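S.K.: Fold the following.
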Amino acid sequence: MEVTSATNTSNVPAAETRSSNTTSKSTVDYDTFLKLLIAQMRNQDPTNPTDTTEYMSQLAQFSQVEQAVKTNSKLDSLLSASALEQADGLIGRNLSFISTDGQSVSGKIASISIVSGGAIATLADGQSVYLDAGVTIS
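M.R.: Modelled structure (predicted):
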């Protein structure tokens, strides 16, 4: 997650910008953001101080991004649980499809593996089938 877009780095010295970019490649949490915000406040130009509303805006933006990340994480967990529940219902059912060489293939589903792009069914004969368009389960 790239957090640098949620903060204004125009008033931050180059060394802090590099530090912020390095940190954002891993996970930037709320405490790290507050430390960066305080460093930005300490190192601002005294002849042209940053408006406090800009700081509050940055804090609010970061809070929104942090909540969105937490929400996405929870949604991913729910989707994984739902996929596992649906996969459980497929075990023992019959699967059929037309292979790339035009052969009709069918078999009993022995197990299901959930992968990032969907699910893979392993048939009783050991053959793995990606559950995609063209696969019939009965």
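S.K.: only C-alpha atoms for contact and neighbour calcs from this point on.
M.R.: Noted.
S.K.: Helices along the chain, start to end?
M.R.: In the chain, helices defined by DSSP state H lie at 14-25, 30-42, 52-90, listed in chain order.
S.K.: Pick out the shakiest of those, pLDDT-wise.
M.R.: Looking at the helices of the chain, the lowest mean pLDDT belongs to helix 14-25 (a mean of 44).
S.K.: residues in contact with the residue lying closest to residue 134 once chain neighbours are set aside?
M.R.: In space, and not counting its chain neighbours, residue 134 is closest to residue 97: 6.1 Å by CA to CA, 6 or more residues apart in numbering. Residues near residue 97 by CA atoms under 8 Å, 6 or more residues apart in numbering: 104, 105, 106, 134, 135, 136.
S.K.: Sort out for me which of those residues are in strands.
M.R.: Under the assignment DSSP state E, the contacts of residue 97 contribute 104, 105, 106, 136 to strands.
S.K.: Count residues in the vicinity of the residue lying closest to the first one once chain neighbours are set aside, would you?
M.R.: The spatial neighbour of residue 104 that comes closest, neighbours along the chain excluded (CA to CA, 6+ apart), is residue 98 at 4.5 Å. The burial count assigned to residue 98 is 13, neighbours taken as other CA atoms under 10 Å.
S.K.: residues touching residue 98, list them.
M.R.: 104, 105, 134, 135.
S.K.: my read: the first one touches residue 134, true?
M.R.: If I follow you right, that is residue 104. No: counting by CA atoms under 8 Å, residue 104 does not reach residue 134; the two are 11.2 Å apart.
S.K.: any chance of the helices of the chain in TSV, plus distance to residue 124?
M.R.: Below are the helices of the chain laid out as TSV (distance: least, CA to CA, whole Å):
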stretch	distance to residue 124
helix 14-25	43
helix 30-42	49
helix 52-90	13
